[in-house]
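1. Any chance you can model this:
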Amino acid sequence: MQRLIRLLRYLSPWIALGLGGAILVLYLHPSLLLPRNRPAPATAAGPALTQAVTASALGPGSGSSVGVASYADAIARAAPAVVNISTRKVVLERQLPEQMAPWFPDWPEFRRREESSRGSGVILDAEGHIATNYHVIKGVEEIVVQLRDGRSAKAKLVGTDPDTDLAILQIGLGKLPVMPLGRSDQLRVGDVVLAIGNSLGLGQTVTQGICSATGRSQLGLAMLENFIQTDAAINPGNSGGALVTATGELIGINTAILSHEQGVEGIGFAIPVNLVRGVAQEIESKGRVVRGWTGMGLNDLNDDSGNPMAGVQIAGFYRGSPAAETGLRPGDILTELNGTRIVSRQDFFGRIARMHPGVTSTVQGVRPGAGRFELKLPVIARPIER
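-> Below is the predicted model of the structure:
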């Protein structure tokens, strides 16, 4: 027993020293108490980032299995080729009501006023061809393009295609940034998209969203509609700007938003790049896009409750148009074109526009008080809009 007491007295200082050292180590390294298979928590200064965007959201052709935490590389690739467009035109503004003009013969009835507006565009090639919306440059007298690097130049209007709301401009500056073109036929609902443009005249602005739908039509925005729908914010001044993938490839030309006055948020539309590419090539080679035309004015049909009905009613004819020589009359109701039901006036005009000038189509319909009819309808090239 005495031996045990002497042994404990001998070991006690060393046991105390060991316990003290263990407590000190645990104090300095508390993670030693965690199970080995449990991940250590990330600190604010650590390198760990939450990667909320996976490879599937990068858009068509990403080919990457690594997520991204920023779209800065995509913007650096695409944004230099997005330009600001300033336009100017002179308008006549009435100063006196028409009824009062005879009472003030010395007072000018009209005055000239300059009107300016802003939009966006996308540089398509090194030759300086720029795609924008037709409504951005319609009726203007001067178009000035400003690049992101500060350079600016007056632009020449190469050609327009009102049916798709597209126009092609050209500038003569050297060493131009060119937008990489993507494939809109590979775009999927849910893919991340970025809208770049001159929002509200503030300068180049970028917004982010997803592709909400493809193939949108019957919106009344253009004759030929095949829009990409997105919830990326598109504001006044964005018209003609770029909708790009998360890898920085052009996927569409931003065109329109649903009215904010209706309380609508997050519904914007862009023209697919595949359509833009074809229109641009035809305008650059021919100066215009040749489309089929019959020269009829049509109205949509509604039932007694105001709901749309299939078919269209002829409102009139353009002078000298092929339709005016076929025996058709105002008031006739057209129900089928080449054996396929006519859904609306936009449906009819779109199908005619896609026909090659020189072909003859067949229309079926009903003449009030006279019954059904079938007639041949020649298709010619649509006249150039002046």
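2. all helices of this protein, in order?
-> Remark: helices assigned in the chain by DSSP state H are 2-28, 72-78, 134-137, 273-286, 345-353.
3. For the first one, give the mean pLDDT please.
-> Think helix 2-28. Average pLDDT, helix 2-28: 63.
4. Over to the shortest one?
-> Looking at helix 134-137 alone, the average pLDDT works out to 91.
5. Any idea how far it is from the middle of the chain?
-> Helix 134-137 sits 14 Å away from the centroid of its parent chain (C-alpha atoms, centre = their mean, to the nearest Å).
6. swap in the last one?
-> Between the centre of helix 345-353 and the centre of its chain there are 22 Å (C-alpha atoms, centre = their mean).
7. Can you work out which other helices and strands pack against that helix?
-> Contact here means 3 or more C-beta pairs under 8 Å, 6 or more residues apart in numbering; DSSP states H and E; on that basis helix 345-353 packs against strand 292-293, strand 296-302, strand 333-337. (Glycine included, C-beta is placed from N, CA and C.)
8. For Val379, find the nearest of those strands.
-> strand 292-293 (4.3 Å; C-beta to C-beta).
9. List the neighbours of that closest one that are in contact with it.
-> The contact list for strand 292-293 (C-beta atoms under 8 Å, 6 or more residues apart in numbering) reads 321, 352-357, 359, 379-383.
10. do stretch 299-314 as well
-> Residues outside stretch 299-314 that contact it (C-beta under 8 Å, 6+ apart): 296-298, 315, 328-335, 341-345, 348, 365.
11. For it, measure first residue to last.
-> For stretch 299-314, the first-to-last residue distance is 6 Å (C-alpha to C-alpha, to the nearest Å).
12. got a list of what the most centrally placed residue in the chain touches?
-> Nearest to the mean C-alpha position of the chain, by C-alpha atoms, centre = their mean, lies Ala270 at 2.1 Å. Counting by C-beta under 8 Å, 6+ apart, Ala270 touches Ala195, Phe227, Ile228, Thr230, Ile234, Leu243, Ile251, Gly252, Ile253, Asn254, Thr255.
13. same thing but 7 Å
-> Shown in contact with Ala270 (C-beta atoms under 7 Å, 6 or more residues apart in numbering): Phe227, Ile228, Thr230, Leu243, Gly252, Ile253, Asn254, Thr255.
14. how many neighbours does the last one have?
-> So the one you mean is Thr255. 29 (other C-beta atoms under 10 Å).
15. The fifth one too?
-> If you count neighbours by other C-beta under 10 Å, Gly252 ends up with 29.
16. quick revisit: export the helices and strands packed on helix 345-353 to CSV and tack on mean neighbour count, mean pLDDT and distance to Glu284?
-> Supplementary listing: these in CSV, determined by neighbours: other C-beta atoms under 10 Å; pLDDT from 0 to 100; distance: least, C-beta to C-beta, whole Å:
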stretch, mean neighbour count, mean pLDDT, distance to Glu284
strand 292-293, 21, 90, 21
strand 296-302, 16, 89, 31
strand 333-337, 18, 94, 31
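17. Dump those strands to a markdown table, plus distance to Val189.
-> Rendered in a markdown table, the data for the helices and strands packed on helix 345-353 read as follows (distance: least, C-beta to C-beta, whole Å):
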| stretch | distance to Val189 |
| --- | --- |
| strand 292-293 | 32 |
| strand 296-302 | 29 |
| strand 333-337 | 31 |
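18. I'd assumed Ile171 was in contact with Ala153.
-> Yes: between Ala153 and Ile171 there is a contact under C-beta atoms under 7 Å: 4.5 Å.
19. Have a look at these two and say which one is more surrounded.
-> When neighbours are counted by other C-beta under 10 Å, Ala153 and Ile171 differ, and Ile171 comes out ahead with 22 against 16.
20. Relative to Ala310, how far out is the more buried one?
-> Look at Ile171 and Ala310: by C-beta to C-beta, to the nearest Å, they are 46 Å apart.
21. and Gly119, what are its bridge partners?
-> Taking DSSP bridges as the rule, Gly119 bridges to Ile85.
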